[in-house]
Structures are given as structure tokens and as C-alpha cells.
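Peer 1: just to be clear, the model below is a prediction. Sequence and coordinates:
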Amino acid sequence: MLTLEERRQALRLPRRALERALGPSPDDDPAGPFEREPLPPVFDEKRGAFVTLRRFPGDQLRGCIGYPLPILPLRTALARAAVAAGLEDPRFAPVRAGELSRLAIEVSVLTVPWIVPATVPEQRLAAVQVGRDGLIVEGFGTSGLLLPQVAPEQGWTAEEFLAGTCEKAGLPRHAWRDPRVVVRRFEAEVFRERSPGGEPESEGSPVRASDGPSAPRT
């Protein structure tokens, strides 16, 4: 678990990366300015992470992109994901500089995904816990991911969550039953700004789901 101060910095970093990207001289690599910045050791650990942007007030999704696998240091993943969420999410027009003061940032720091066994469909279903797990479904040349906060927000059962992730991947809703389809689950520490640029919500505060994050950009 990240400390309160680590959460503060994990929310400030994406905001600063977006400010630079929307400024007059954007960096070629959004993470470049933060490579040597003194940050707690957790920011040098390779972690999967997603950054979600939400309109404030109102909480409407404005962008969500991230890295499901721990291939980058957390500082790098947060900076690149933030800029991609703001400028490259294909579901939305790019964020404008004047919008940033009306957007709240949410960060999800992921555990390493692990494969849910596929001996029989019922085994997969029993392994998925709503509210704890996020899901990745991969099969037939496509994949889809939903963060852990999605299922509770939608009021889904574990079966509906599996079906929704299949749908996110562009697969039939029952594809999770196919042993050729790989299902992975992961957990996430999720926290967000109380208001744009503000303090993190207190630990244990409810977090609204993203409306299905877009495919990870690497």
C-alpha cells in the first residue's frame, strides 16, 4: 500500500505531465522530466498502472489509459499513461489546456496479473471476486481489460464481469468459458483527487468505475 504522501505524489505527477504536454513546449517523452526527480523508492519499482481523467463536478469519464503489466517504473508509467489518457484515448477528443482545471485524476496501481485456471468454466467463475479483482481477457487475436472498480459500480455479478470483459475485448460474452481464451485477474490500489489538484480521497472512500478503460498503450 502506498502511504498518503506517496499517493499525493502519484496524483501530482500525472497532473504535471499533462500540464507540460498541453503547454507551449511539450516533451518528446512525457516521462523524461521526471526521470531524475527525487521521489520515494516505490516510484522506481516496475508497476502496472492506469490513469483515469474525470470531469469535475459530475464525474464523467474523460479518458483512461494505462499499462496492465509491470514493464515500466511507476514514475514512467504514470507520466506516459496520463498524457495518453488526455490526448490519445480514441473515445474522446484530446483534452484542451483550459479543461485541466476541471478534471480530477484517479490512479490505479496494479498487482501482477495471474492466469485464472480453465479446467472447467465453473472454476473460473469461482475464482473471480467482485470488488477485489480486475480482469484481462485474451483470445483469438484480441484482448480487453476492466479495472476492479468497474464491476461494483455496474452492480455486476462475477459472471457478468467476465462477460463484460469479453465484450470489451470484442469477443462473445460467453467466450470466457472457452479454454482457448486466457483470463487473468489482478488487484489494484485505487485513489483519486477529491477535487482537481486537491488532496487524495481518504483510504477506503468509494471510487467510481471507469467506463471500461481503453486498450493499454505500450
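Peer 2: Yep, it's here. Numbers count the residues shown, from 1 in each chain.
Peer 1: got the buried residues for stretch 98-108?
Peer 2: Going by neighbour count (16 or more other Cβ atoms under 10 Å), the buried part of stretch 98-108 is 99-100, 103-108. No exception for glycine: its C-beta is placed from N, CA and C like everyone else's.
Peer 1: apologies, that question was intended for stretch 1-17.
Peer 2: Within stretch 1-17, the residues that count as buried by 16+ other Cβ under 10 Å are 2, 6-11, 13-17.
Peer 1: just the ones of the residues you listed in strands?
Peer 2: Counting by DSSP state E, those place none of their members in strands.
Peer 1: so what's the nearest residue to Leu103 once chain neighbours are set aside bridging to?
Peer 2: Excluding the flanking residues, the one nearest Leu103 by Cβ to Cβ, 6 or more residues apart in numbering is Leu53, at 5.0 Å. Taking DSSP bridges as the rule, Leu53 bridges to Gly63, Ile105.
Peer 1: for the strand or helix carrying Leu78, the averaged confidence score.
Peer 2: Per DSSP states H and E: Leu78 is located in helix 74-87. Average pLDDT, helix 74-87: 98.
Peer 1: please save the CA atoms from that helix in PDB.
Peer 2: C-alpha atoms of helix 74-87 as PDB (Å, rounded to 0.1, in the frame of the first residue of the first chain):
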ATOM      1  CA  LEU A  74       5.900   3.600 -11.700                       C
ATOM      2  CA  ARG A  75       7.000   7.200 -12.400                       C
ATOM      3  CA  THR A  76       7.400   6.500 -16.100                       C
ATOM      4  CA  ALA A  77       4.100   4.600 -16.300                       C
ATOM      5  CA  LEU A  78       2.100   7.300 -14.600                       C
ATOM      6  CA  ALA A  79       3.500  10.100 -16.700                       C
ATOM      7  CA  ARG A  80       3.000   8.300 -20.100                       C
ATOM      8  CA  ALA A  81      -0.400   7.000 -19.100                       C
ATOM      9  CA  ALA A  82      -1.600  10.400 -18.000                       C
ATOM     10  CA  VAL A  83      -0.700  12.100 -21.300                       C
ATOM     11  CA  ALA A  84      -2.100   9.200 -23.300                       C
ATOM     12  CA  ALA A  85      -5.300   9.300 -21.400                       C
ATOM     13  CA  GLY A  86      -5.600  13.000 -22.100                       C
ATOM     14  CA  LEU A  87      -4.500  13.100 -25.700                       C
END
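Peer 1: elements contacting it?
Peer 2: With contacts taken as 3 or more Cβ pairs under 8 Å, 6 or more residues apart in numbering; DSSP states H and E, helix 74-87 sits against helix 4-21, strand 48-55, strand 61-67, strand 103-110.
Peer 1: quick check: angle from the third one to helix 74-87?
Peer 2: Angular relation of strand 61-67 and helix 74-87 on a 0 to 180 degree scale: 140 degrees, by axes from the mean of the first three to the mean of the last three Cα atoms, to 10 degrees.
Peer 1: and strand 61-67, how far from the chain's centre?
Peer 2: Strand 61-67 sits 6 Å away from the centroid of its parent chain (Cα atoms, centre = their mean, to the nearest Å).
Peer 1: for it, which helices and strands make contact with it?
Peer 2: Secondary-structure packing of strand 61-67 (3+ Cβ pairs under 8 Å, 6+ apart): strand 48-55, helix 74-87, strand 103-110.
Peer 1: reformat these as TSV; add distance to Pro121.
Peer 2: TSV is the format used below for the helices and strands packed on strand 61-67 (distance: least, Cβ to Cβ, whole Å):
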stretch	distance to Pro121
strand 48-55	26
helix 74-87	33
strand 103-110	25
